[in-house]
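Trainee: Next input, structure requested:
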Amino acid sequence: MGGATAVERMGTARSQIERVCGWLTSPSPETLDRCSGVLESAVAELAGGASWLAHARGNPEAMAEAWHLNRAVKRAGKLLESARQYHARWSRIRGAMTQGYGHQGIVPPPVLPGRISLQG
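Mentor: You can find the predicted model right below:
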């Protein structure tokens, strides 16, 4: 596969990640669920790309796209971490309001319903 294909595939992955970044500007549980599928798709695109990435070495257009992709991934990571921290804080607040405080004034961890993820 040529360098143009590598650039296109990186561009596709980047646009998916940037879409997730847009959604994460107002993270809700529903948004986070929607983001996971799109991020999975982008990661699968990149994970399967060892051969086309090798062809992209030395291509200035591919290197520029890789740089933009890297920035998008870092931004998505920061936004996901921010969303995780936000919901963790609210979870602790909810736990304190509903379960009270334990020994030494520590809020016990919330009891959350389990989630199961199966892959075939």
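
Trainee: hmm, which helix or strand of the protein has the shakiest average pLDDT?
Mentor: helix 50-56 (a mean of 68; mean pLDDT, DSSP states H and E).

Trainee: After that one, heading C-terminal, what element do we hit next?
Mentor: Next in sequence after helix 50-56, counting helices and strands by DSSP states H and E, comes helix 60-99.

Trainee: so where's the chain shaky on pLDDT?
Mentor: 1-4, 27, 49-53, 55, 99-102, 107-120 (pLDDT under 70).

Trainee: ok, 50 please
Mentor: 1-2 (pLDDT under 50).

Trainee: For Ala72, give its distance to Ala64.
Mentor: For Ala72, the distance to Ala64 equals 13 Å [Cβ to Cβ, to the nearest Å]. Where you see a C-beta, it was placed from the backbone N, CA and C, and this is true even at glycine.

Trainee: Please identify which of these two sits among more neighbours.
Mentor: Ala72 (21 against 12; other Cβ atoms under 10 Å).

Trainee: can I assume Trp23 is in contact with Thr31?
Mentor: Yes. The pair Trp23 / Thr31 is scored as a contact, 5.0 Å apart, by Cβ atoms under 8 Å.
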